[in-house]
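[1] I would like the atomic coordinates for the input below:
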Amino acid sequence: MTPLLRRMALITALAMAGSGAAVRAGVYDEIMMAVKRDDAAAVIALVDRGMDVNTVDAEGTSLLMYAARHGDRSLVEFLLARRANLAQRNRFGDSAVLLAALAGDVPVLQRLLDAGAELNPPSGWTPLLYASFEGRIDAIKFLLGRGARIDARSASGLTALMLAARGGHGDAVPLLLEHGADATLADQNGVTAAEFAARGGHEDMARLIRDHAAARQAADAAAAGKAGR
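    The predicted structure follows:
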């Protein structure tokens, strides 16, 4: 092949590659726009045409995460059937099950957990922590019923009780206490759930938490005394 023909072949190849990239970029934009406007039918059509089911946006948020966050149960079901990655996380550390907990969508939570999403990861944020952050009472009840660890901690030592207290969630705090949340715990800065409640001006809540903390400390002291005899 002459140098001229080689140059022409290279130009043609580059043009074709660029055209393919443009098409891919266009389809990517199309599917992300569809999922952001909750157009499940368009998302399903694009995945059926061959779009990667684990497509993510610039922040790493996947189609399944969007569907879970917006409570789109039919789209969640479709994406799970196409083997969407349950463990995928965006750059903020969110996963589909965490975002479902944040939204308080119990049916989506149940479907994701049934599909294998983690209820009690070994470290970091849990679905119960996310639900407690927003005071999603139905989701909290559901997760506790599924066996969520009530005193699981975030990386900074926050518990579900601390998050509910910090948010002033008057229904969530008593529920967590009734299920045995440890009111004596503090985060990595030494702040307890009662102190979080007090800082937010929720004095009745702070008093309730302090009462539970005192009762727990008394029970622990009595148990330790019996053990020492």
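
[2] For Asp220, report the pLDDT, please.
    Asp220 is assigned a pLDDT of 82 by the prediction.

[3] by contact count, what packs against the helix or strand harbouring it?
    Assignment of secondary structure by DSSP states H and E places Asp220 within helix 203-227. Packing partners of helix 203-227 (3 or more CB pairs under 8 Å, 6 or more residues apart in numbering; DSSP states H and E): helix 160-166, helix 172-178, helix 193-199. Bear in mind the C-beta positions are built from the backbone N, C-alpha and C, glycine included.

[4] Any chance you could list what contacts that helix?
    By CB atoms under 8 Å, 6 or more residues apart in numbering, the list of residues contacting helix 203-227 from outside reads 161, 165, 168, 170, 173-174, 177, 182-184, 192-195, 197-198.

[5] buried residues in it?
    Of the residues in helix 203-227, those scored as buried under the neighbour-count criterion (16 or more other CB atoms under 10 Å) are Met205, Ala206, Leu208, Ile209, Arg210, His212, Ala213, Arg216.

[6] Need those in TSV (columns: distance to Arg149 and pLDDT).
    Supplementary listing: these in TSV, determined by distance: CB to CB, whole Å; pLDDT from 0 to 100:
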residue	distance to Arg149	pLDDT
Met205	23	98
Ala206	24	98
Leu208	22	98
Ile209	19	98
Arg210	23	98
His212	18	97
Ala213	19	96
Arg216	17	90
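
[7] Pick the one among the residues you listed closest to Gly124.
    Using CB to CB, Ile209 is the member of these that sits closest to Gly124, with 24.3 Å.

[8] If we only consider the contacts of helix 203-227, which is nearest to Asp57?
    Checking these against Asp57 with CB to CB, the nearest one is Gly168 at 32.1 Å.

[9] residues contacting the nearest residue to Arg166 once chain neighbours are set aside?
    Of all residues beyond its chain neighbours, the one nearest Arg166 is Phe196 (4.0 Å), with distances taken as CB to CB, 6 or more residues apart in numbering. Shown here is Phe196, whose contacts under the criterion CB under 8 Å, 6+ apart are Met162, Ala165, Arg166.

[10] Likewise for Leu143?
    The contact partners of Leu143, by CB under 8 Å, 6+ apart, come to Ala101, Leu109, Leu119, Pro127, Leu128, Ala131.
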